[in-house]
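Engineer: quick one, fold the following:
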Amino acid sequence: MKSLKFVAFAAMLCASLCAFGQSPIPSCPTDNGAYYLKGSEWISMDATHSVGFKTTNVAGAAFSYGAAKARVKAQFRDGKSPYQLDSPGFAVCLVGVADSGRDITLAKFQEEKDRREISMASYRVWTGINAQLDPKTIVPTTVEKKANKVYLVTSKDALPVGEFILFTIVPDVQAMVKANTPSSLGGYDVGYHSK
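Structural biologist: Numbers count the residues shown, from 1 in each chain. Sure, this is the predicted structure:
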C-alpha cells in the first residue's frame, strides 16, 4: 500500500513538472550578458530600447472633466521579439547586467501590428501623475542570486501567450514622461506564442 501511494505521488509530481514544461535548469553562462533558456540551451540576447512615448485618451480625460485617465505608453519597435520561447516556462540568466535582484521586473506588452507598448504612467487632472508600470502587466517572478551580479529569473507560473520585457532597473518614469522623448528605457524582450 505504501509503495502504491509513493508511485501515485511520484506520478503527480512528474505530471505537474511536465505540465509547466520545465526540466532542470542548467547553470548560468559565465560570460557577461543576458540569456534565455530555449530547451536546455542558453541563448544570448541583445537589449531593446523604447523608440518613444505616446499619450492616449487625452480627449476623454478633457471631456470627462478629469475623471478619466490619460495614459502615457512607451513604444518598442516590431510586433514580436526575435527571441521566442518554445514553452511557457520562462528562465533568464543575467550575468553582469544587473546590480540588484530587487530591481528586476517582468512585464507583459500590449501588442500592436507593428510595435509593442507598455503603460508607464497615467494622468488625471485632479490627482496628477501616477508614474509606475501598470500593476496588471507585471508577471510574478522568482529571482535567485547565483553569484556576484549573476541572477536567475524564472516565472512563478506558466507564461500566458504574448510578448514580454524584462527590466533590470526601476525606470525613472516621471523624468521620461516630462521629457516625452525617446530615452534609454529598455530591457530584454521575449515572446511566447503557443503552436
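
Engineer: contacts and neighbour counts: CA atoms only from here.
Structural biologist: Fine.

Engineer: please name the nearest non-neighbouring residue to residue 106.
Structural biologist: Closest residue in space to residue 106, ignoring its immediate chain neighbours: residue 166 at 4.4 Å, by Cα to Cα, 6 or more residues apart in numbering.

Engineer: average pLDDT across stretch 187-195?
Structural biologist: On average, the pLDDT along stretch 187-195 is 92.

Engineer: returning to that earlier point: now the one helix or strand the residue nearest to residue 106 maps to: average pLDDT?
Structural biologist: Secondary-structure element containing residue 166, defined by DSSP states H and E: strand 162-167. Per-region confidence: strand 162-167 scores 96 on mean pLDDT.

Engineer: over to stretch 133-145?
Structural biologist: Here the average pLDDT along stretch 133-145 is 93.

Engineer: next, the buried residues of it.
Structural biologist: Neighbour counts using 16 or more other Cα atoms under 10 Å place 133, 138-139, 141, 143 of stretch 133-145 among the buried residues.

Engineer: got it, and stretch 34-51?
Structural biologist: 34-38, 42, 44-45, 48-51.

Engineer: stretch 155-169 now?
Structural biologist: Result for stretch 155-169 [16+ other Cα under 10 Å]: buried residues 155, 158-159, 162-169.

Engineer: could you dump the buried residues of stretch 133-145 to TSV with secondary structure?
Structural biologist: Below are these laid out as TSV (DSSP: H, G, I helix; E, B strand; the rest coil):
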residue	secondary structure
133	coil
138	strand
139	strand
141	strand
143	strand
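
Engineer: and residue 76, what does it touch?
Structural biologist: By Cα atoms under 8 Å, 6 or more residues apart in numbering, the residues touching residue 76 are 48-52, 115-117.

Engineer: tell me the one of those residues nearest residue 147?
Structural biologist: Distance to residue 147, by Cα to Cα, is smallest for residue 48 among those, at 24.9 Å.

Engineer: on that earlier part again, among the buried residues of stretch 155-169, which two are most distant?
Structural biologist: Farthest pair in the buried residues of stretch 155-169, by Cα to Cα: 158 and 169, 23.5 Å.

Engineer: distance of the residue nearest to residue 53 when sequence neighbours are not counted relative to residue 118?
Structural biologist: In this structure, residue 53 finds its nearest non-sequential neighbour in residue 74, 4.5 Å apart by Cα to Cα, 6+ apart. Residue 74 sits 5 Å away from residue 118, going by Cα to Cα, to the nearest Å.
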